[in-house]
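Asks: Quick one, what's the 3D model for this:
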Amino acid sequence: MLSVLSITAPVFFFIGLGYIFARYKIFPIEAQKIFGQYVFYCAMPCYLFMAMAKAPIHMVANIDYIISFALGLVVTAVLTWVVAYKCFKCDPAQSILAMMAGSYTNSAFVGIPIITMAFGESGPVVVVALFQIVIVTTFILTVLDSLANKEQFSWGLLKSIPRTVALNPIVGGSLLGILFSLMHVEIPDIVGNSLDLLGRAGIPTALFALGLSLGQVRQKLSQSSQNLILILVGLKNIIHPLVAWVIGFYIFDLSTMWLGALVVVSAMPTAMNNFIFAQKYNSFIPEASQVVFISSVVSLFTLSALLWLI
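Replies: As a prediction, this is how the structure comes out:
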């Protein structure tokens with residue numbers, strides 16, 4: 001418990017700091033949007049570029065493990081979308097963001113240190129981060145862009161993919177980092193140190209913005225929204241790792257080490273990107289902020305229990 005707490009405690013510190021600043025109106029309401037834009041367009045792309053550029057992407061991971069995670073995410077995502085769109089009557093953009101809240105795992109900030117601590121290497125979480133950034137993030141942002149531009153959903157989705165990859169800073173920064181890793185490009189220290197410094201500011205700034213969002217929510221969420229938030233947290237923290245375990249154990253018969261890594265990675269809380277994207281597209285913001293926060297709190301106990309069992 002203490003080991004997991006040492007990793008997750010800074011998360012709650014920065015969120016709490018933002019919450020206090022918002023409640024006492026130290027920052028104006030507009031600050032939340034400004035911080036969000038800074039993270040989306042500047043800090044997070046630098047962070048992901050350096051993370052991917054330094055990752056051992058050329059090392060081939062367990063293909064059954066990758067497919068198991070992908071299937072687990074897809075199954076949970078589809079289930080979440082059905083709940084949001086069909087049961088809670090969310091609009092298409094809200095449904096996509098809700099789908100992300102229930103299935104997109106925090107592989108970078110929480111996943112990398114915990115997996116490294118538990119299994120002695122970051123490989124199992126690096127390949128998950130790659131899958132989520134290159135495939136899942138591209139899909140989510142492409143759909144959200146298509147909806148925001150009011151394009152025909154089916155054809156517009158296909159037409160928007162190259163544009164999303166080329167123009168979206170998060171996807172672009174990640175893909176450029178992957179290219180540098182595959183080509184073994186050495187980044188000059190003066191450039192790497194500058195990007196590292198800028199990128200490291202992304203996560204605390206995003207968490208601070210999340211705290212601002214929580215502190216600025218004055219209106220009471222409807223009972224329907226509160227119920228949806230609780231369901232999304234349950235899907236992310238409990239159902240997602242359970243689905244991953246069933247797939248990894250019964251379908252792919254993963255070894256104990258890979259199965260354990262699969263379940264732990266799937267049990268990570270909702271990624272901070274869910275809140276960042278909600279801000280970017282001005283949809284599902286209060287729900288996304290609360291899902292990220294609550295799932296992070298719940299993961300303190302669920303991850304501790306899983307690591308104890310493993």
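Asks: From here on, just use CA atoms for contacts and neighbour counts.
Replies: OK.
Asks: buried sites along the helix or strand Pro286 falls within?
Replies: Using DSSP states H and E, Pro286 sits in helix 285-309. Buried residues in helix 285-309, counted by 16 or more other CA atoms under 10 Å: 285-300, 302-304, 307.
Asks: Out of the helices and strands in this protein, which is least certain?
Replies: Across the helices and strands of the chain, mean confidence by mean pLDDT, DSSP states H and E is lowest for helix 153-167: a mean of 60.
Asks: Next secondary structure element downstream of it?
Replies: Helix 153-167 is succeeded, C-terminally, by helix 169-182 (DSSP H and E).
Asks: hmm, back to that, list the helices and strands the helix holding Pro286 packs on?
Replies: On a contact count with 3 or more CA pairs under 8 Å, 6 or more residues apart in numbering; DSSP states H and E, helix 285-309 meets helix 2-23, helix 92-103, helix 202-216, helix 223-234, helix 256-266, helix 273-280.
Asks: So what angle separates the directions of the third one and helix 285-309?
Replies: Same thing as helix 202-216. 120 degrees (axes from the mean of the first three to the mean of the last three CA atoms, to 10 degrees).
Asks: which residues are contacting helix 202-216?
Replies: 11, 14-23, 29, 31-33, 35-36, 39, 43-44, 47, 109, 272, 275-276, 285-286, 289-290 (CA atoms under 8 Å, 6 or more residues apart in numbering).
Asks: now with 6 Å?
Replies: Helix 202-216 has contacts (CA atoms under 6 Å, 6 or more residues apart in numbering) with 14-16, 18-19, 22-23, 32, 39, 43-44, 289.
Asks: Is it possible to get a markdown table of those that adds distance to Ser174 and pLDDT?
Replies: Listed next are the contacts of helix 202-216 as a markdown table, based on distance: CA to CA, whole Å; pLDDT from 0 to 100:
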| residue | distance to Ser174 | pLDDT |
| --- | --- | --- |
| Phe14 | 25 | 84 |
| Ile15 | 25 | 81 |
| Gly16 | 29 | 85 |
| Gly18 | 27 | 87 |
| Tyr19 | 30 | 85 |
| Ala22 | 32 | 85 |
| Arg23 | 35 | 83 |
| Gln32 | 24 | 77 |
| Val39 | 14 | 83 |
| Ala43 | 12 | 87 |
| Met44 | 9 | 81 |
| Ser289 | 24 | 87 |
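Asks: Go through these and name the one nearest Val171.
Replies: Met44 (10.1 Å; CA to CA).
Asks: For Leu235, give me the pLDDT.
Replies: pLDDT, Leu235: 97.
Asks: wait, it sits on Gly102?
Replies: Yes - using CA atoms under 6 Å, Leu235 is in contact with Gly102, at 5.5 Å.
Asks: who has more neighbours, the two?
Replies: Gly102 (32 against 24; other CA atoms under 10 Å).
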